[in-house]
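A.B. asks: okay, sequence plus prediction incoming.
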Amino acid sequence: MCYTARMANTQSFTAQMAAALGLDEQMIVPYGRDKAKVSLQVLRERPRKGKLILVSALTPTPAGEGKTTVSIGLAQGLKANGKSVCLALREPSMGPVFGRKGGATGGGASSITPGESINLCFNGDFPAITAANNLLAAVIDNALFYKTTRLDQNKVLWKRVIDMNDRSLRNIVVGLNRNGVPREDGFNITPASEIMACFCLAEDLEDLRRRIDNIVVGFTADDEAVYAREFGVTDSLLAILREAINPNLVQSLEGVPAFVHGGPFANIAHGCNSVIATKMALACADYAVTEAGFAFDLGAEKFLDIKCRQSGLSPDAIVIVATIRALKMHGGVAKTELDPPNAEAVRRGLANLQAHIESAKLYNRPVTVAINLFEAFDTEEEIAAVKELCAQMGVGCAVANVFGKGGAGAQELATIVAESMEGAAPEPFKCLYELDMPVEERMATIARKIYGADGVVLTKAAQKKLALMAANGLTDLPICMAKTQNSLSDNATLPGRPTGFTITVRDFEIANGAGFLVALCGDIMRMPALPKVPSACAIKVDADGNISGMKG
């Protein structure tokens with residue numbers, strides 16, 4: 001395509017999005033023909049006007065649930081019903097794109113575009129976060145070399161990051177060069193960086209500055225916390241992040257504006273897109289549809305108890321995505337046996353969905369279940385079993401054929417969700433626990449009320465680390481439970497609704513800049529590994545640069 005035509009398309013996209021959002025076109029900065037960034041000035045000039053819809057799901061299975069696809073489909077359904085709507089979604093990490101899971105741009109008729117660009121270094125945000133993280137790491141090691149820091153080289157917490165799955169980088173030794181300072185170190189994946197969490201919870205650049213300053217990078221020999229501000233490079237990190245902090249703007253296949261910004265994982269971080277993007281969507285439309293990572297017990301609980309607590313946001317409605325196939329797996333059916341009808345297995349698997357509905361109801365917001373339809377396999381009897389449970393629990397339910405029909409397949413769901421927010425004003429939003437509760441009680445509240453556990457047990461190592469945090473005044477924070485996404489428990493092999501278990505906390509990590517205390521439960525990796533045959537092996541690029549084989 002010639003340069004003039006490309007510029008015309010760029011102008012068309014920015015003009016189209018400006019019109020759709022009611023913005024001055026000068027507030028939208030083009031990044032190529034079909035994507036852009038939006039100035040933070042929008043938030044300074046526009047108050048919130050929209051209602052916020054939080055999309056979550058039941059416990060993930062290898063069958064797939066399609067939470068992002070339903071989020072996009074629901075937004076398109078609202079648009080098809082004549083509503084003003086925006087999406088606020090997370091950016092994909094390239095780790096899953098090239099690993100096992102695939103990208104995060106939806107699927108079929110409910111996708112955001114341009115999919116390949118969004119899945120690969122989208123507008124440079126993840127590279128900027130990676131660079132900022134690694135600049136701080138380099139400065140820390142430089143200060144250790146010159147002995148200009150009070151940090152103990154054996155008590156450094158800050159790790160380098162890369163946005164790729166690479167098990168070989170989990171544990172390394174740095175400083176082996178001549179006159180270096182050898183020490184054990186390692187890499188995390190970029191979505192696990194505290195810079196990512198700070199980035200996603202910040203309200204603006206000044207708030208991001210405060211958060212970076214407050215990052216605990218390690219401890220002295222006497223176990224006193226050492227902060228990032230002591231290294232004097234916060235402004236350099238902000239310089240790297242100054243453009244990335246502006247949210248990215250793309251659109252769905254049916255023209256719904258989509259703010260796609262930030263992407264911490266929910267099993268090891270708080271699992272939500274940026275506060276800035278969510279608030280911008282709410283400022284630009286009557287309805288904003290957002291999602292939280294994995295199931296309600298991980299992403300949604302953290303959205304509500306961390307993101308909402310810090311930002312003043314609160315959802316007006318909650319949607320829980322379920323599939324008949326996932327319910328069958330929770331009912332004991334193997335992945336290879338999901339195609340034949342099996343209403344009894346669906347009924348057995350409903351215990352998992354019921355647990356998530358009960359958890360969502362704790363926050364006093366209307367709940368709707370979206371059955372993400374697999375048109376070729378789901379039967380009326382299986383669907384009826386899900387609807388029967390929802391009727392018994394007093395929550396809305398709709399079948400959504402979002403993959404096959406896009407917005408047209410989600411109009412009933414959109415109607416039910418919109419109607420659920422009408423009428424009397426909801427009760428004031430209240431988090432699940434208060435910060436003046438002891439840390440152990442905060443964790444036990446989450447474990448009992450959200451996971452269905454009998455309680456929480458701390459290992460001796462966890463008790464020692466918690467005492468260290470308390471001695472430094474680092475415990476008056478929300479709890480980010482880092483556990484498997486594959487079970488309500490901390491045992492990944494237990495699907496359905498386990499009972500008679502406790503949650504074991506083996507260690508703690510501090511994310512003081514982000515504003516939460518991380519409780520590590522089970523074997524949670526901050527650097528994932530590639531499978532035997534990575535998704536990267538299926539991706540092809542033709543002579544014209546067209547990509548095929550990339551999972552949504």
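C.D. replies: Yep, that arrived.

A.B. asks: residues of stretch 110-127 that come out buried?
C.D. replies: 110-120, 122-123, 125-127 (16 or more other CB atoms under 10 Å). All C-beta spots, glycine's among them, are computed from the backbone N, C-alpha and C.

A.B. asks: what does stretch 151-161 give?
C.D. replies: Buried, per 16+ other CB under 10 Å, within stretch 151-161: 151-153, 155-161.

A.B. asks: then stretch 383-401?
C.D. replies: Buried-residue list, stretch 383-401, by 16+ other CB under 10 Å: 383, 385-386, 389-390, 395-401.

A.B. asks: dump those into CSV; add distance to Phe259 and secondary structure as well.
C.D. replies: Shown next, in CSV, are those (distance: CB to CB, whole Å; DSSP: H, G, I helix; E, B strand; the rest coil):
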residue, distance to Phe259, secondary structure
Ile383, 33, helix
Ala385, 36, helix
Val386, 31, helix
Leu389, 34, helix
Cys390, 30, helix
Val395, 28, coil
Gly396, 26, strand
Cys397, 28, strand
Ala398, 25, strand
Val399, 28, strand
Ala400, 22, strand
Asn401, 26, coil
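
A.B. asks: how many neighbours does Leu238 have?
C.D. replies: A total of 16 residues lie near Leu238 under the criterion other CB atoms under 10 Å.

A.B. asks: show me what contacts it?
C.D. replies: Leu238 makes contacts with 205, 208-209, 212, as judged by CB atoms under 8 Å, 6 or more residues apart in numbering.

A.B. asks: please flag which of the buried residues of stretch 110-127 sit within helices.
C.D. replies: Using DSSP state H, the subset of the buried residues of stretch 110-127 located in helices is 115-119, 125-127.

A.B. asks: of those residues, closest to Ile446?
C.D. replies: Of all those, Ile446 sits closest to Phe126, with 29.0 Å by CB to CB.

A.B. asks: so for stretch 437-452, mean pLDDT?
C.D. replies: Stretch 437-452 shows a mean pLDDT of 98.

A.B. asks: end-to-end on it?
C.D. replies: Counting by CA to CA, to the nearest Å, you get 20 Å between the two ends of stretch 437-452.

A.B. asks: run the chain-centre distance for that stretch.
C.D. replies: 21 Å (CA atoms, centre = their mean, to the nearest Å).

A.B. asks: swap in stretch 437-454?
C.D. replies: Distance, centroid of stretch 437-454 to centroid of chain: 22 Å (CA atoms, centre = their mean).

A.B. asks: buried stuff in that stretch?
C.D. replies: 439-440, 442-447, 449-453.

A.B. asks: next: stretch 302-315.
C.D. replies: 302-311, 313-315.

A.B. asks: now the end-to-end length of it.
C.D. replies: OK, stretch 302-315 end separation, CA to CA: 13 Å.

A.B. asks: where along the stretch 401-550 of the chain do the helices fall?
C.D. replies: Ranges of helices within the stretch 401-550 of the chain are 402-405, 411-420, 439-446, 460-471, based on DSSP state H, counting those that start in this stretch.

A.B. asks: I'd like to know which of these is closest to Glu194.
C.D. replies: Nearest to Glu194, of those and by CB to CB, is helix 460-471 at 14.7 Å.

A.B. asks: okay, the closest one in PDB with CA atoms only?
C.D. replies: Output of helix 460-471 as PDB, limited to C-alpha atoms (Å, rounded to 0.1, in the frame of the first residue of the first chain):
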ATOM      1  CA  LYS A 460       7.800 -21.500  59.000                       C
ATOM      2  CA  ALA A 461       9.500 -19.700  56.100                       C
ATOM      3  CA  ALA A 462       6.300 -17.700  55.500                       C
ATOM      4  CA  GLN A 463       6.000 -16.800  59.100                       C
ATOM      5  CA  LYS A 464       9.600 -15.600  59.200                       C
ATOM      6  CA  LYS A 465       9.100 -13.500  56.000                       C
ATOM      7  CA  LEU A 466       5.800 -12.000  57.300                       C
ATOM      8  CA  ALA A 467       7.600 -11.000  60.500                       C
ATOM      9  CA  LEU A 468      10.200  -9.200  58.400                       C
ATOM     10  CA  MET A 469       7.600  -7.400  56.400                       C
ATOM     11  CA  ALA A 470       5.800  -6.400  59.600                       C
ATOM     12  CA  ALA A 471       9.000  -5.100  61.200                       C
END
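
A.B. asks: thank you kindly, that will do.
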